[in-house]
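Chemist: structure, please.
(4 chains)
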Number of protein chains: 2
Amino acid sequence: MTPRTPAPRSRRDRPAKPALTHDAIVAAAVRLMAAEGLQRVTMRRLAQELDTGPASLYVYVAGTAELHAAILADLLGEVDLASAAGDGDWRDRLAQVLLSYTRVLFDHPGLAHSALVARPSGPHYLALVETILALLHEGGVPDGQAAWGVDVLLQVATATAAEQSARSGDPDAEKDHDALVEALGQASSRTYPRIAALGADLSSGSPQQRLAWIFRAVVNGTAGTPRSAG
Amino acid sequence: MTPRTPAPRSRRDRPAKPALTHDAIVAAAVRLMAAEGLQRVTMRRLAQELDTGPASLYVYVAGTAELHAAILADLLGEVDLASAAGDGDWRDRLAQVLLSYTRVLFDHPGLAHSALVARPSGPHYLALVETILALLHEGGVPDGQAAWGVDVLLQVATATAAEQSARSGDPDAEKDHDALVEALGQASSRTYPRIAALGADLSSGSPQQRLAWIFRAVVNGTAGTPRSAG
DNA sequence: ACCTGAACACCGTTCAAGT
DNA sequence: ACCTGAACACCGTTCAAGT
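Modeler: Next up is the predicted model:
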């Protein structure tokens, strides 16, 4: 009889080799990223994981860029939007949402980087934007400013996550940062008087303190800067 | 007459195969990037350009990351800091400096991306930071806020350049953006009431208008947000 | 009609072996 | 002591050929 593929008596629901679909591929990609990091989620590595050749993936996925964008869209579901509904100050709740977003990016090495390159998309992203807009609205920020401000807020959150994400993980990046701090500290007061005057202040504060201030500053700027000449 | 670099009768200063040094490698890398874009500045391609094998480069350069950081440090010399010394409003002069920085990044595809990943360094970067700090000082922005604000300012400028840089160039990125605009426009007013309410406003304005507003907003936020709880 | 093996054209980085 | 050929271990993407 030699029954290889022995007795699939029910339907072929063995999870070993799932049918290739866009969704199945993205799901596998998310699993792979959780296990090995985004940098390992390549078309070839993923194909290997799915027991097929890389060419087969291209039937369902446009390429690496689309794949990474799809992972981001999916993972954005982990952002905690519930804190937006609390009853504290709207600014604090907004900061909490942005902080959750930052944390999601930060917790998945490489993801922040991907968020900077490919514009996010999907329902989770829309929900995030909606939540931020609602909080700005609640705070009385004029619509036009809120519309433009939401982009800046997400941009600084993303860039900050990318920066910190690059720093932890890679020991070289840590050295680069130390070198920069050193360079700022050593700056001659003749050539760089303001840098010298500010000194250690330039690199003061914990990442958390800085990020909290950044969110406050950008929210204030958004709230207080009219879109027509000012 | 045809006087093309007439007669190199002196020492072996034939530019064909310059001695390998860190500086010579970076100079070649900058030339290569100008000719073919950052994505082509790889250790292998650069070695080929320098008539050697990739292994030889590793004697002078730590790897691709350091190489790209060195290119960025060099190209930052193209930022126009002179407008800082004019006599208009300090905010306008600051915006001009930041715009010049954005343009330098934008004009070199891939460079903005590199600036987001590797923290910039070198004298040109220091000069840029110094100039921004001086303008914030002139504007009466408290030192502590200026110290943290300069980072945010450069961060949004860099991220904006990276975004626009990715969009032009790559036709897929353009499609992604259109898809996002479409998604925002189609958003149901039941699920996403604020997105629906703002509608086209979310993607209104030219990149220039948006960037000008962003700079104003972040400067205002920096100027108006104290570092201790606010 | 649909899928994919195999190839094309690249990468970064290391290290044993040469000069 | 200094440099590098050659190798290792990967990439993304395409397309002719198979089923």
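Chemist: who in chain A is up against DNA strand D?
Modeler: Counting by Cβ under 7 Å from any atom of the strand, chain A comes close to DNA strand D at A:40, A:42-45, A:54-55, A:58, A:63-65. Every C-beta, even on glycine, is put in place using the N, C-alpha and C of the backbone.
Chemist: if you set the cut-off to 10 Å instead, what comes out?
Modeler: Proximity of chain A to DNA strand D is confined to A:36, A:39-48, A:53-59, A:61-68 under the rule Cβ under 10 Å from any atom of the strand.
Chemist: would you show me how to pick out the buried ones of those residues in PyMOL?
Modeler: Isolation of the buried members of the residues of chain A next to DNA strand D (16 or more other Cβ atoms under 10 Å in any protein chain shown) is achieved in PyMOL through the command below:
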select buried, chain A and resi 41+43+46+47+57+61+65+66+67+68
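Chemist: so which of the residues of chain A next to DNA strand D are also by chain B?
Modeler: Applying Cβ under 8 Å from any Cβ of the partner chain to the residues of chain A next to DNA strand D, one finds that A:62, A:65-66 fall near chain B.
Chemist: which of those residues fall within strands?
Modeler: When these are checked against strands using DSSP state E, none is located there.
Chemist: now the element after the helix-or-strand element of chain A with minimal mean pLDDT, going C-ward?
Modeler: Within chain A, confidence by mean pLDDT, DSSP states H and E is lowest for helix A:171-186 among all helices and strands, at a mean of 83. Using DSSP states H and E, the helix or strand that directly follows helix A:171-186 along the chain is helix A:193-198.
Chemist: thinking again about what came up before, by contact count, what packs against the least confident helix or strand of chain A?
Modeler: With contacts defined as 3 or more Cβ pairs under 8 Å, 6 or more residues apart in numbering or on different chains; DSSP states H and E, the secondary structure elements packing on helix A:171-186 are helix A:143-167, helix B:64-75, helix B:123-138.
Chemist: tell me the angle of the longest one relative to helix A:171-186?
Modeler: For helix A:143-167 against helix A:171-186, the angle between stretch directions is 110 degrees (axes from the mean of the first three to the mean of the last three Cα atoms, to 10 degrees).
Chemist: give me the angle between helix A:143-167 and helix A:123-138.
Modeler: Angle between the axes of helix A:143-167 and helix A:123-138 is 130 degrees (criterion: the same axes, to 10 degrees).
Chemist: in helix A:143-167, what's buried?
Modeler: Along helix A:143-167, the positions that meet the burial threshold by neighbour count (16+ other Cβ under 10 Å) are A:143-167.
Chemist: that helix and DNA strand C in contact?
Modeler: No - for helix A:143-167, no contact with DNA strand C is found by Cβ under 10 Å from any atom of the strand; the gap never falls below 14.0 Å.
Chemist: about what we covered before: tabulate the helices and strands packed on helix A:171-186 (CSV), appending distance to A:Gln186 and mean pLDDT.
Modeler: As requested, these are arranged in CSV below (distance: least, Cβ to Cβ, whole Å; pLDDT from 0 to 100):
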stretch, distance to A:Gln186, mean pLDDT
helix A:143-167, 21, 93
helix B:64-75, 16, 95
helix B:123-138, 10, 97
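Chemist: so who does A:Arg91 touch?
Modeler: With Cβ atoms under 8 Å, 6 or more residues apart in numbering or on different chains as the criterion, the residues that contact A:Arg91 are A:139, A:216, A:219.
Chemist: look up the closest residue to A:Leu98, ignoring the ones flanking it.
Modeler: Counting by Cβ to Cβ, 6 or more residues apart in numbering or on different chains, the nearest residue to A:Leu98 once its immediate chain neighbours are dropped is A:Ala157, at 5.0 Å.
Chemist: my bad, A:Thr222
Modeler: Leaving aside its sequence neighbours, A:Thr222 is closest to A:Gly149 (3.2 Å, by Cβ to Cβ, 6+ apart).
Chemist: next one, pLDDT for A:Asp170 please.
Modeler: Reading off the confidence values, A:Asp170 has pLDDT 73.
Chemist: now for the residue in chain A that chain B sits nearest to, how many residues are close by?
Modeler: For chain A, the residue positioned closest to chain B under Cβ to the nearest Cβ is A:Gly221, at a distance of 2.8 Å. Using other Cβ atoms under 10 Å in any protein chain shown, A:Gly221 has 27 other residues around it.
Chemist: tell me the SS of it?
Modeler: Classification of A:Gly221 into helix, strand or coil gives helix, according to DSSP: H, G, I helix; E, B strand; the rest coil.
Chemist: so the closest residue to it other than its chain neighbours versus A:Thr222, what's the distance?
Modeler: Nearest in space to A:Gly221, with sequence neighbours left out and distances taken as Cβ to Cβ, 6+ apart, is B:Gly221 at 2.8 Å. As judged by Cβ to Cβ, to the nearest Å, B:Gly221 and A:Thr222 stand 7 Å apart.
Chemist: hang on, the earlier thing: now, which of the contacts of A:Arg91 sits nearest DNA strand D?
Modeler: Relative to DNA strand D, the closest of the contacts of A:Arg91 is A:Val219; by Cβ to the nearest atom of the strand it sits at 37.9 Å.
Chemist: wait, what's in contact with the closest residue to A:Pro226 other than its chain neighbours?
Modeler: Once flanking residues are discounted, A:Pro226 sits nearest to A:Gln145: 7.0 Å by Cβ to Cβ, 6+ apart. Each residue near A:Gln145 by Cβ under 8 Å, 6+ apart is listed here: A:136, A:222-223, A:225-227, B:217.
Chemist: ok, of these, which come out buried?
Modeler: In the contacts of A:Gln145, burial by neighbour count holds for A:136, A:222-223, A:225, A:227, B:217, counting by 16+ other Cβ under 10 Å.
Chemist: was I right about A:Ala161 contacting A:Thr102?
Modeler: Yes - using Cβ atoms under 8 Å, A:Ala161 and A:Thr102 qualify as a contacting pair, with a distance of 4.8 Å.
Chemist: quick check: A:Thr160 touching A:Phe215?
Modeler: No - counting by Cβ under 8 Å, A:Thr160 sits too far from A:Phe215 to count as a contact (9.4 Å).
Chemist: if we can go back for a sec, and B:Glu174, which of the helices and strands packed on helix A:171-186 is closest to it?
Modeler: Among these, the nearest to B:Glu174 by Cβ to Cβ is helix A:143-167 (17.4 Å).
Chemist: distance between the closest one and the chain's centre?
Modeler: A distance of 10 Å separates the centroid of the chain from that of helix A:143-167, by Cα atoms, centre = their mean, to the nearest Å.
Chemist: need phi/psi at A:Thr225.
Modeler: Note on A:Thr225: backbone dihedrals following degrees, to the nearest 10 are phi -120, psi 100.
Chemist: in chain A, what residue comes closest to DNA strand C?
Modeler: Ranked by Cβ to the nearest atom of the strand, the top residue of chain A for proximity to DNA strand C is A:Ala55, at 2.6 Å.
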